[in-house]
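I need the structure of the sequence given here:
(one chain, ligands or ions: 2)
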Amino acid sequence: MRGIDDLAVSGQTVLLRADLNVPGDGTAITDDGRIRASLPTITRLAGRGARVLICAHLGRPAGSSYAERRAGGPSLAPVAARLAELLGQPVTLAQDVAGESAAAIAAGLRDGDVALLENVRFEPAETSKDDSQRAELAGRLAALAQLYVGDGFGALHRRHASVYDVAALLPHAAGELVLAEVAVLRRLTRDPARPYVVVLGGAKPSDKLAVIANVLDVADRLIIGGGMSYTFLAARGYEVGKSLLEADQIPQVSLLLSQAAGRGVEIVLPVDLVGAAGYAADAEHDVFPVAEFPADRESLDMGPATRELFAAKLAGAQTVFWNGPVGVFEFPAFAAGTRAVAQAISQLDGLTVVGGGDSAAAVRALGFADSQFTHISTGGGASLEYLEGRTLPGLAALEDSA
Ligand code: ADP
Ligand code: MG
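Ligands and ions are numbered 1, 2, ... in the order given. The predicted structure follows:
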């Protein structure tokens, strides 16, 4: 795959697809991690004399037409402001995605300038399943620039116009973030140092059964916690009360458990749970062994014996991939399990990778520094699909050396 140093960018307008999809509370950006992660490519391009025109999405604009979405937002204006602050140079925001304003701004760029197009998801064609609709938007985007750089790792698993279709229309390369993310994911899939332990949590097993099947081929041990663990416990015959349960997934989960046994992969499940009276930050709660979980309680976190067990099963690991909080960490009373997993992983010397939007937000919210892990991926869906062994459309488009 070509990198940006393989392109002659000086004096050229480079359309840079970045992932600037940061969480916010309506006015302020609450975690600017994805903007920071995009800086190396932007500064390198600008430093080499490129005219950098960034294309990115934010949130899920509602409405069926461009006009409705444009009116409803969210605009990338706060992102442009934060990016300008971090870069220490002005970032002009176009008033549209690939219309008159974008064309005027692209035409006015000087070498080393950086500008941002409005939220590409204002254009309904961006995410359209109709190839010709996406092609039309990709054509308008490509007309703004001479070169294309794909650096939006978190969107690479989407067959979207600005991620997939436009790459075929311009000479292209992968950005620094994409190359770094892919290099780490490769280390997880090809000959990882052992023991290799995978920790999976989060809300639903159905989201992650495909990745589990693939993980069984490479990992030595799989720790399952959080919302998805209750379906695993139910498959082993335990009562889980009112905890999250995907009863229809039990046969599939049972199959995975027997496949794991057949391949000698150890599956670690919770041994005790924090059972709450309801789903609330201040819900009354107690600890129960999994064999004595009451029918009227809902588990929102792992119990103390499970926290110790998970930490012991992580100790000595040479490679770790962790996706999914193991409790409702958003409620401080139910964050202990997730904190224990983060703590245990942060103490390891080997390759430690945290992937997933909520997982990354959880470790930062719980006070861990990014530097305590080898890598915190900017893309949850993209990294999981990579680990599932699926072809990421955006990556395939960048690899194709047209
Ligand atoms: P990621 O975004 O890192 O891939 P997910 O989206 O799969 O993670 O899961 C995150 C969500 O799972 C969080 O909002 C968290 O509250 C929820 N969750 C984790 N453990 C539990 C649990 N024990 N019960 C209910 N929800 C849980
Ligand atoms: Mg999530």
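
Now do the same for residue 24: its pLDDT.
With respect to pLDDT, residue 24 scores 83.

Which pLDDT value belongs to the closest residue to it other than its chain neighbours?
Excluding its sequence neighbours, the residue lying closest to residue 24 (CB to CB, 6 or more residues apart in numbering) is residue 30, at 5.7 Å. Just so you know, the C-beta spots here come from the backbone N, C-alpha and C atoms, and that holds for glycine as well. pLDDT for residue 30: 83.

Likewise for residue 184?
For residue 184, the pLDDT comes out at 94.

Is it in contact with residue 378, as I believe?
No - taking CB atoms under 8 Å as the definition, residue 184 is not a contact partner of residue 378, at 11.1 Å.

neighbour count winner among those two?
The neighbour count for residue 184 versus residue 378, taken as other CB atoms under 10 Å, is higher for residue 378 (25 against 17).

check contacts around that one.
Each residue near residue 378 by CB atoms under 8 Å, 6 or more residues apart in numbering is listed here: 19, 33-34, 37, 153-154, 177, 181, 360.

Out of those residues, which are close to ligand 1?
The subset of those within reach of ligand 1, by CB under 6 Å from any ligand atom, is empty.

Which one (most neighbours) among those residues?
In the contacts of residue 378, the most neighbours by other CB under 10 Å go to residue 153, 30 neighbours.

Please report how far it lies from ligand 2.
Per CB to the ion, to the nearest Å, residue 153 is found 16 Å from ligand 2.

give me phi/psi at that residue?
Per-residue torsions, residue 153: phi -50, psi -40 (degrees, to the nearest 10).

Flag every buried residue along stretch 331-339.
By 16 or more other CB atoms under 10 Å, the buried positions in stretch 331-339 come out as 331, 333-339.

Can you name the residues of the stretch 151-300 of the chain that neighbour ligand 1?
201-203, 207, 226-227, 244, 299-300.

Reformat the residues you listed as JSON lines; add pLDDT and secondary structure.
Shown next, in JSON lines, are these (pLDDT from 0 to 100; DSSP: H, G, I helix; E, B strand; the rest coil):
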{"residue": "201", "pLDDT": "95", "secondary structure": "coil"}
{"residue": "202", "pLDDT": "92", "secondary structure": "coil"}
{"residue": "203", "pLDDT": "86", "secondary structure": "coil"}
{"residue": "207", "pLDDT": "81", "secondary structure": "helix"}
{"residue": "226", "pLDDT": "97", "secondary structure": "helix"}
{"residue": "227", "pLDDT": "96", "secondary structure": "helix"}
{"residue": "244", "pLDDT": "96", "secondary structure": "coil"}
{"residue": "299", "pLDDT": "98", "secondary structure": "strand"}
{"residue": "300", "pLDDT": "98", "secondary structure": "strand"}
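
just the residues you listed now: which is nearest ligand 2?
Comparing those against ligand 2 with CB to the ion places residue 202 closest, at 6.5 Å.

tell me the contacts of that closest one?
208, 226-228, 323-325, 356, 358-359.

In this structure, what residue comes closest to ligand 2?
For the chain, CB to the ion, closest residue to ligand 2: residue 358, 3.9 Å.

any idea which helix or strand carries that residue?
Element membership of residue 358, judged by DSSP states H and E, is helix 357-365.

Show me how far that helix is from its chain's centre.
10 Å (CA atoms, centre = their mean, to the nearest Å).

How about the next helix or strand after it and ligand 1, any contact?
With elements assigned by DSSP H and E, the helix or strand that comes after helix 357-365 is strand 375-376. No - shown here: strand 375-376 not in contact with ligand 1 (CB under 6 Å from any ligand atom), separated by at least 10.6 Å.

How about the residues of the stretch 301-402 of the chain by ligand 2?
357-358 (CB under 5 Å from the ion).

which residue ranges form the helices in the stretch 301-402 of the chain?
Under the criterion DSSP state H, counting those that start in this stretch, helices of the stretch 301-402 of the chain are mapped to 304-314, 336-346, 357-365, 380-387, 393-399.

what sits against the nearest residue in space to residue 95 that is not next to it in sequence?
Distances taken as CB to CB, 6+ apart put residue 101 closest to residue 95, at 3.9 Å, once the chain neighbours are dropped. Residues near residue 101 by CB under 8 Å, 6+ apart: 94-95, 118.

Repeat the analysis, applying 10 Å as the threshold.
Contact analysis of residue 101 by CB atoms under 10 Å, 6 or more residues apart in numbering lists 92-95, 117-118.

Now, those residues that are in strands?
Using DSSP state E, the members of the contacts of residue 101 that fall in strands are 92-93.

quick one: which of the contacts of residue 101 is most hemmed in?
residue 117 (28 neighbours).

where does that one land on pLDDT?
Per the predicted model, pLDDT is 98 at residue 117.

now do residue 402
For residue 402, pLDDT reads 55.

can you check residue 217 too?
88.

What is the strand or helix carrying it packed up against?
According to DSSP H and E, residue 217 maps onto helix 205-218. Counting contacts by 3 or more CB pairs under 10 Å, 6 or more residues apart in numbering; DSSP states H and E, helix 205-218 packs against helix 176-189, strand 196-200, strand 221-224, helix 229-235, helix 250-263, strand 319-323, helix 380-387.

looking at the ones you listed, which is closest to residue 67?
Proximity to residue 67 (CB to CB) singles out helix 380-387 among those, at 29.0 Å.

How about the closest one and ligand 1, touching?
Yes - Helix 380-387 comes into contact with ligand 1 (CB under 6 Å from any ligand atom), by way of residue 380.

Report all helices and strands that that helix contacts.
Using 3+ CB pairs under 10 Å, 6+ apart: helix 380-387 touches helix 176-189, helix 205-218, strand 319-323, strand 351-355, helix 357-365, helix 393-399.

how about a cut-off of 8 Å?
helix 176-189, helix 205-218, strand 319-323, strand 351-355, helix 357-365 (3 or more CB pairs under 8 Å, 6 or more residues apart in numbering; DSSP states H and E).
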